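>>> Whatever this is, show me its structure:
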Amino acid sequence: MPVFRLDKNEISFPDPRLAREDGLLAVGGDLSVERLLLAYTHGIFPWFNPGEEILWWSPHRRYLIFPQNIHISKSMKKYMKRHSFKLAINRDFRDTMHRCRIKREQQEGSWIGDEMEEAYLAFHKSGFAVSVEVYEKEELAGGLYGVFIGRCFFGESMFSEKENGSKVALIALAKLFRERGVVFIDCQFYTEHLESMGGQYVSWEEYEELLKYCMPVK
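You can find the predicted model right below:
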């Protein structure tokens with residue numbers, strides 16, 4: 001499959017089903033709010049190294065967590081019983097995203113550069129990107145950020161300041177989503193960590209139907 005080149009002056013994407021086997025669909029374009037919104041509503045997301053061209057992805061199989069199916073291990077249940085956490089939404093989006101960036105840079109390197117931070121801050125101010133944080137005894141334990149459209153949440157990155165901080169944030173978010181009818185958390189790609197939390201693959205056909213079902217009525 002060819003990789004499509006986007007025009008900065010035209011807000012459009014090729015059919016996501018035309019993505020390469022590895023999920024790469026297109027290069028170029030920009031990270032404007034309008035383009036990001038169009039991308040996410042069609043199952044497309046940006047992922048690229050800072051300083052390089054923007055790459056747009058749409059994997060043929062998508063890795064999701066359904067809130068009602070999130071897995072909490074026995075050890076995690078014991079841990080949460082011994083600790084008291086408080087959930088916050090949009091405490092400080094910029095800070096949460098930056099913490100995700102710094103934690104990844106300290107470990108294996110991060111795709112979150114200045115361009116991405118500014119783009120998602122604008123997306124947040126437009127009401128589409130959100131941050132989730134958890135506190136233990138008034139101290140920040142961990143958090144995550146992502147994109148929230150309709151009844152879909154597209155997870156982007158997580159961080160921990162204390163043991164299990166990001167896990168607690170994801171578990172708390174899944175509980176909130178169950179209560180509010182959010183259908184899925186899109187993890188985009190597989191990781192062992194997400195598998196341990198209950199992640200599962202769905203086919204593109206299943207994913208496309210879920211998107212249509214969950215997106216706001218135009």
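
>>> Tell me which residues touch the spatially most central residue of the chain, please.
For the chain, Gly155 is the residue whose C-alpha lies nearest the centre (Cα atoms, centre = their mean; 1.5 Å). Gly155 makes contacts with Leu144, Gly146, Leu170, Ile185, Asp186, Cys187, Gln188, as judged by Cβ atoms under 8 Å, 6 or more residues apart in numbering. Where you see a C-beta, it was placed from the backbone N, CA and C, and this is true even at glycine.

>>> and the residue nearest to Asp22 when sequence neighbours are not counted, helix, strand or coil?
Leaving aside its chain neighbours, Asp22 sits nearest to Pro59 (7.9 Å; criterion: Cβ to Cβ, 6 or more residues apart in numbering). Using DSSP: H, G, I helix; E, B strand; the rest coil, the structure places Pro59 in coil.

>>> thinking again about what came up before, distance of the residue nearest to the centre of the chain relative to His193?
With distances taken as Cβ to Cβ, to the nearest Å, Gly155 is found 12 Å from His193.

>>> Quick check: the two most widely separated of the contacts of Gly155?
By the measure Cβ to Cβ, Leu170 and Gln188 form the most distant pair in the contacts of Gly155, at 14.1 Å.

>>> Compare these two (neighbour count), which wins?
Leu170 (25 against 20; other Cβ atoms under 10 Å).

>>> Counting by contacts, list what the host helix or strand of that one packs against.
Per DSSP states H and E, Leu170 falls inside helix 165-180. Taking 3 or more Cβ pairs under 8 Å, 6 or more residues apart in numbering; DSSP states H and E as contact, the helices and strands that helix 165-180 lies on are helix 74-82, strand 85-89, strand 129-136, strand 139-149, strand 152-160, strand 184-188.
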